[in-house]
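Trainee: Sequence unavailable; structure follows:
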Ligand SMILES: Cc1ncc(C[n+]2csc(CCOP(=O)(O)OP(=O)(O)O)c2C)c(N)n1
Ligand code: SF4
């Protein structure tokens, strides 16, 4: 009998519930990374995820551990409330750019500002996916959406918000990095960043946010392949990847 | 413990600590600021959580997080702040989470003023946020009653898995009165919070705190489950007090501070030979319909007195189904009616006979 070796299997952090994302959407990859990191850090049994509103609204079904569903934008406040009474839980929020950069910007900024010992998984796909492709604060200049039919005009709607850069200026934030999941190399890099963020929380070192450059092939009106290329060619130049803040280094210095 | 003289807001804060409150999240607004100020010091001393949030919206969502994790949580505010909390309150009820919310009401609409009011009655008793839901709402008339009800409210919230609102006005928040913190309060039969989402820890399957039901049938079922709870509150948990009703010609219907002022008014009326009683709702949701079934045959008229232009009068009309002529006296703008004003209104009604 030929010997078999398992080289890859689904993370125990994910449930058997089928994902509801469109083909080619990178939300699924980001879920996988969250599940793998929490499993590898051996904290699944004490993890609580705070889902938000957007295409990932049903993610309480997709993860295999305790979850909350929070109101649009309020996940960082919900996470704060929970973490303060249950400091031994691993608490993360999972938020889209409409959720975090628009309606919930205050909650996100102030959670960082208070230095809450939580992790924010921020998924930037430059559009509102779930409601059918409206303009987000992160929509690129010239990008066409259902509410910027002629392309985003900064004179009318301002320039796209750079969340990682902005959050890095907040004194209370410990770790902020922007990553992308457009190819396997970057998926691995993204996982390292996310794992570091969770480790920081595990070590009670405070607030971390990982911004993921993500895709929305359906609302961008592209094939999955073109969507990934579009993200690389258009999003990454405006939203450069990298570590924007790392106070763990300062703490050690 | 002997009686201690305390300011209303501080006494209510201490009552929450005595009621087993694990965490407070709130945002400043007059006239309730002494409450979070007191807790900012004393929650810490008692090894509990206090966070001043960035907004009322954040505060109530922090409450959602902590309540979902199984803690006993409090927030307090005053009218414009409670208006902002409506989003979170709707989510709390949808996800069936217990929490205690103290509303030290002030005049409105809008920024209004900072003086006492009861003009949030409809917002409190009709839901206020989106969807079909109600808050179990208690309206004490004195500091002692407020203290007792706040201590008990954490049990009530846990029992129903629903937020409880303590509705007082700025007068109760700002006055000083002697209070005994050790009076007996009813004990509720509580179950373990096996539904809380605070980490599985090898002991159970995963828990989800959620108010989303995309399947309409699931949502209808959920709404009917909530309705059962509200019907149970109506059937078995109405609270009210009947004062001097035996031979009353006129019954004043008033809650909170106005009921207290009505007590002085009925004494003054007695001196003038007019027999007047008081129906005092203690729960404003569920509205105490049963109190109106106990009205003696001597009663000719009902007089509703409120610090609003007449928000509770609708409920009085609904439960009476046309049985009595209903009169109204109210003051707004933060003006507290004086006993003489109520006396004059009663005399006017009697004079018209
Ligand atoms: C208070 C409130 N306003 C609006 C909505 C409608 N809504 C649902 S999802 C969404 C946008 C979500 O976009 P994003 O956070 O970018 O997530 P995505 O769907 O792109 O993953 C909006 C506006 C809502 N659910 N609640
Ligand atoms: S609409 Fe866009 S963001 Fe939402 S699942 Fe589909 S591709 Fe992903």
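Mentor: Perfect, thanks for sending it. Quantities reported herein were computed from a predicted structural model and do not represent experimental measurements. Ligands and ions are numbered 1, 2, ... in the order given.

Trainee: quick one: stretch B:88-98 to chain centroid distance?
Mentor: 17 Å (Cα atoms, centre = their mean, to the nearest Å).

Trainee: so where do the helices sit in the stretch 151-300 of chain B?
Mentor: B:170-174, B:216-236, B:256-271, B:289-293 (DSSP state H, counting those that start in this stretch).

Trainee: wait, I meant chain A
Mentor: Along chain A, counting by DSSP state H, helices occupy A:27-40, A:59-62, A:75-85, A:97, A:105-113, A:154-157, A:163-168, A:184-202, A:217-220, A:224-230, A:236-238, A:247-252.

Trainee: between the ones you listed, which gets nearest to ligand 2?
Mentor: When the helices of chain A are compared by Cβ to the nearest ligand atom, helix A:217-220 sits nearest ligand 2, at 4.3 Å. C-beta: built from backbone N, CA, C; applies to glycine.

Trainee: Against which helices or strands is the closest one packed?
Mentor: Other helices and strands packing on helix A:217-220, by 3 or more Cβ pairs under 8 Å, 6 or more residues apart in numbering or on different chains; DSSP states H and E, are helix A:224-230.

Trainee: so how far is the helix it packs on off the chain centroid?
Mentor: When C-alpha coordinates are averaged (Cα atoms, centre = their mean), helix A:224-230 and its chain have centres 19 Å apart.

Trainee: Can you list the helices and strands that it packs against?
Mentor: So helix A:224-230, by 3+ Cβ pairs under 8 Å, 6+ apart, packs with helix A:217-220.

Trainee: thinking again about what came up before, of all the helices of the stretch 151-300 of chain B, which gets the most neighbours per residue?
Mentor: Between these, helix B:170-174 has the highest mean count of neighbours, a mean of 25, where neighbours are mean count of other Cβ atoms under 10 Å in any protein chain shown.

Trainee: Could I get the average pLDDT for it?
Mentor: In this model, helix B:170-174 has a mean pLDDT of 93.

Trainee: for stretch B:215-228, same thing?
Mentor: Throughout stretch B:215-228, pLDDT has a mean value of 98.

Trainee: Likewise for stretch A:68-79?
Mentor: The average pLDDT within stretch A:68-79 is 98.

Trainee: does ligand 1 sit close to it?
Mentor: Yes: judged by Cβ under 6 Å from any ligand atom, stretch A:68-79 comes into contact with ligand 1 through residue A:72.

Trainee: now the end-to-end length of that stretch.
Mentor: 9 Å (Cα to Cα, to the nearest Å).

Trainee: now stretch B:294-310
Mentor: 23 Å.

Trainee: What count of nearby residues applies to residue A:158?
Mentor: 11 (other Cβ atoms under 10 Å in any protein chain shown).

Trainee: Could you find the closest non-adjacent residue to it?
Mentor: Spatially, and ignoring its direct neighbours in sequence, residue A:158 is nearest to residue A:137 (7.7 Å; Cβ to Cβ, 6 or more residues apart in numbering or on different chains).

Trainee: just residue B:157 next, same as before
Mentor: residue B:98 is the one closest to residue B:157 (Cβ to Cβ, 6+ apart), at 3.5 Å.

Trainee: Pick out the residue of chain B closest to ligand 1.
Mentor: Closest point on chain B to ligand 1, by Cβ to the nearest ligand atom, is residue B:87, at 7.1 Å.

Trainee: that older thread, per-residue confidence for the residue nearest to residue B:157?
Mentor: pLDDT at residue B:98 comes out at 98.

Trainee: these two touch, right, it and residue B:67?
Mentor: Yes: using Cβ atoms under 8 Å, residue B:98 is in contact with residue B:67, at 5.9 Å.

Trainee: Between these two, which is the more surrounded one?
Mentor: Neighbours per residue (other Cβ under 10 Å) separate residue B:98 from residue B:67, with residue B:67 holding more: 31 against 26.

Trainee: Could you name the helices and strands sitting against whichever strand or helix holds the more buried one?
Mentor: Applying DSSP states H and E as the criterion places residue B:67 in helix B:56-68. Contacts defined by 3+ Cβ pairs under 8 Å, 6+ apart place helix B:56-68 against strand A:66-69, helix A:75-85, helix A:105-113, strand B:23-26, strand B:73-77, helix B:79-94, strand B:99-105.

Trainee: can those go into TSV with extra columns for distance to residue B:45?
Mentor: Formatted as TSV, the helices and strands packed on helix B:56-68 follow (distance: least, Cβ to Cβ, whole Å):
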stretch	distance to residue B:45
strand A:66-69	30
helix A:75-85	16
helix A:105-113	25
strand B:23-26	13
strand B:73-77	16
helix B:79-94	26
strand B:99-105	20
